[in-house]
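Undergrad: no sequence on this one, just coordinates:
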Ligand SMILES: C[S@@+](CC[C@H](N)C(=O)[O-])C[C@H]1O[C@@H](n2cnc3c(N)ncnc32)[C@H](O)[C@@H]1O
């Protein structure tokens, strides 16, 4: 071969047939609740192509054979779920919720009324932007409200995003919604001009604990009535309606009476039998 040898372009053309899609869809719906109608076949195919390539497999049939006939699911299940989940998020996404937290919830939970730290759970926290947004708000509040302390937990089913959450390194575009006064105080900037990144400062990183939790599990390993506030946003939309109601019922068990629940603006809990009162668009209070 010469230095000018022809470059070989490897393209990956594996296709996902209906039968294999149906098997994958059934597993995904059962294990993490995400609805997989036939229209999502292309999406699944696209998302799993790279995984097949990493495993050195030529076809989806080989992949499904490995998963469902050779016991591969035990090892591969977690990668499959990581590849399928949609992790879109941002700092201060759906900002009205954070305005509500600052203007209504925090004053209502004045520190003198708290015997314990103010506790927040971000269920389905993706790469951590939502939980860190809450941490920034609570840290700022604590600076002017002596004796106010807080705990924040972020959970997700996707192990990859949990790792990214702990690293807390993001593209600078993700903090465009963060008020200026907080950008300098709470974020560090990389000095790499080729690939600029920002990182959440250590104080805020240390204020949030991240862990694995599948909202489809029968029970969550959390004390009853533990949290003052739960964010469960932009995940219910991927579940069917009965599953949404089951998940919200379980979440309510861990919300203390008088506590607040935020769901995504595009999500609804109307008509569900839950111990909640609607107090603002996509904001509920436990009775
Ligand atoms: C679109 S993101 C929402 C992130 C954040 N809550 C927000 O609103 O910006 C949805 C997240 O739900 C997670 N997820 C999907 N199924 C789940 C399940 N069964 N249990 C827990 N998390 C799940 C995904 O991994 C993903 O990170």
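TA: Great, that's in hand. Keep in mind it's a predicted model, so treat the numbers as computed, not measured. Numbers count the residues shown, from 1 in each chain.

Undergrad: Let me see the ranges of the strands in the chain.
TA: 118-123, 150-156, 169-170, 187-189, 198-200, 208-212, 227-232, 255-263, 276-280, 283-286 (DSSP state E).

Undergrad: in its sheet, what does the last one sit against?
TA: Read that as strand 283-286. strand 255-263 (antiparallel), strand 276-280 (antiparallel) (DSSP bridges).

Undergrad: Quick one: residues in contact with the last one.
TA: When you say that, I think you mean strand 276-280. Contacting residues not belonging to strand 276-280 are listed as 96, 100, 104, 248, 252, 260, 261, 269, 284, 285, 286, 287 [C-beta atoms under 8 Å, 6 or more residues apart in numbering]. (C-beta placed from N, C-alpha, C; glycine too.)

Undergrad: at 6 Å what do you get?
TA: Residues from elsewhere that reach strand 276-280, judged by C-beta atoms under 6 Å, 6 or more residues apart in numbering: 100, 284, 285, 286, 287.

Undergrad: Any idea which of the strands of the chain gets closest to the ligand?
TA: strand 150-156 (4.8 Å; C-beta to the nearest ligand atom).

Undergrad: at contact distance from the ligand, anything in the closest one?
TA: Yes. Against the ligand, strand 150-156 shows contacts by C-beta under 6 Å from any ligand atom at residue 156.

Undergrad: can you list contacts of stretch 172-187?
TA: Contacts with stretch 172-187, where a contact means C-beta under 6 Å, 6+ apart, come from 90, 91, 92, 136, 196, 198, 201, 204.

Undergrad: same deal with stretch 145-153?
TA: Counting by C-beta under 6 Å, 6+ apart, 111, 117-121, 131, 134-135, 138, 142, 208-209 sit against stretch 145-153.

Undergrad: now these: which count as buried?
TA: The neighbour-count test (16 or more other C-beta atoms under 10 Å) applied to those identifies 118, 119, 120, 121, 131, 134, 135, 138, 142, 208 as buried.

Undergrad: Could you list which of those also contact the ligand?
TA: Counting by C-beta under 6 Å from any ligand atom, no member of the buried ones among the contacts of stretch 145-153 reaches the ligand.

Undergrad: Take these and write them to CSV, including pLDDT and distance to residue 37.
TA: Converted to CSV, those look like this (pLDDT from 0 to 100; distance: C-beta to C-beta, whole Å):
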residue, pLDDT, distance to residue 37
118, 96, 40
119, 97, 37
120, 98, 33
121, 98, 30
131, 98, 30
134, 98, 33
135, 98, 37
138, 97, 39
142, 94, 45
208, 98, 34
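
Undergrad: tell me which parts of the stretch 51-200 of the chain are close to the ligand?
TA: Residues of the stretch 51-200 of the chain lying near the ligand (C-beta under 6 Å from any ligand atom): 85-89, 93, 124-126, 130, 156-158, 161.
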